[in-house]
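**Q** sequence first, then the predicted structure, then my questions.
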Amino acid sequence: MAQPPSTSTVLKFDAYALDLRAGELFKNGKKIKIQEQPVQILAMLLERPGEVVTREELRERLWSEDTFVDFEHSLNTAIKKLRLALNDDPEKPRFIETLRRRGYRFAAAVVESADEAARRELAAPAAKPVSKMAATERATKPASDLVGKVFKLRSDSGAGKFVSLPIDQTTQKEQQKLEAANDDLGLSLLFADGKVLMVQTSTQVKVLDEQSDGSSCEVRILAGEHTAKTAIVPRKYLI
């Protein structure tokens, strides 16, 4: 029998947060578009981190006995959509581990926050104080003309076959720090954990957002081994 839902309003892990009350998933404060069933599956996994949630438990919670569906196909599809939303590679999972023929297990640490303030923080992240001049500049600054456009990747030298792309801004800062320290071991761990992706040059990417300083963009990878994943790309890599 499935466990009752957690009383916590918000469950946080890595750069993500799930608002149980609203059924909404966020990454770094930005709402992620995701369907109801993948959210329900994620909620069950987050309620019992490190434990196996069986396929039967998922069926009992998500599909009633009088619902006639191809359960195996429906569950596999929902898990696939959830992994896509979390940029989680099933071959090297950071969050959702598959236990063959049994079920799934959430592998990352989960932080519970039951207060109402945490829920409001997700809905409206607090803005940093800015000067009147900065506020005026922000108000008059046009939207980036890169967002929504498709580009090809190039290497820093223009001759390399691959570029290394961090999956988010936190990893980008960590990668830059390790590179400055010539910490090859630390860099190799980032690659091993799937936090930095090796992407072939000439791969097409679609710009989703641009960093405030204009130096880098968040992109969706459109082809190759890392299709559908998001990453941070320096603007100089886009052609």
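**A** Thanks, I have the structure now. Numbering: from 1, shown residues only.
**Q** average pLDDT across stretch 210-228?
**A** Taken as a whole, stretch 210-228 carries a mean pLDDT of 86.
**Q** run the chain-centre distance for that stretch.
**A** The gap between where stretch 210-228 is centred and where its chain is centred comes out at 13 Å by CA atoms, centre = their mean, to the nearest Å.
**Q** in that stretch, which residues are buried?
**A** 210, 216, 217, 218, 219, 220, 221, 226 (16 or more other CB atoms under 10 Å). (Each C-beta comes from the backbone N, C-alpha and C, glycine too.)
**Q** quick one: low-confidence ranges for this structure?
**A** Where the chain drops to pLDDT under 70, the residues are 1-8, 64-69, 113-144, 157-159.
**Q** among the buried residues of stretch 210-228, which lie within helices?
**A** Assignment to helices by DSSP state H places none of these there.
**Q** restricted to strands, list these.
**A** The strands, defined by DSSP state E, take in 210, 216, 217, 218, 219, 220, 221 from those.
**Q** residue 94: which of the residues you listed is nearest?
**A** residue 221 (16.6 Å; CB to CB).
**Q** return the residues in contact with the closest one.
**A** 197, 199, 203, 205, 227, 228, 229, 230, 231 (CB atoms under 8 Å, 6 or more residues apart in numbering).
**Q** disregarding residues adjacent in the polypeptide, which is nearest to the fifth one?
**A** Going back to what we said before, that points to residue 227. In this structure, residue 227 finds its nearest non-sequential neighbour in residue 221, 6.0 Å apart by CB to CB, 6 or more residues apart in numbering.
**Q** could you check the distance from that neighbour over to residue 15?
**A** 18 Å (CB to CB, to the nearest Å).
**Q** again with residue 104
**A** Taking CB to CB, one finds residue 104 at 21 Å from residue 15.
**Q** those two: which has the busier surroundings?
**A** residue 104 (23 against 17; other CB atoms under 10 Å).
**Q** who does the residue nearest to residue 227 bridge with?
**A** residue 205 (DSSP bridges).
**Q** got a list of what the most centrally placed residue in the chain touches?
**A** Central residue of the chain (CA atoms, centre = their mean): residue 86, 3.8 Å from the mean position. By CB under 8 Å, 6+ apart, the contact list for residue 86 reads 16, 94, 95, 96.
**Q** now do 10 Å
**A** Residues near residue 86 by CB atoms under 10 Å, 6 or more residues apart in numbering: 13-16, 25, 27, 32, 34, 38, 42, 93-96, 108.
**Q** measure it to residue 229 for me?
**A** 10 Å.
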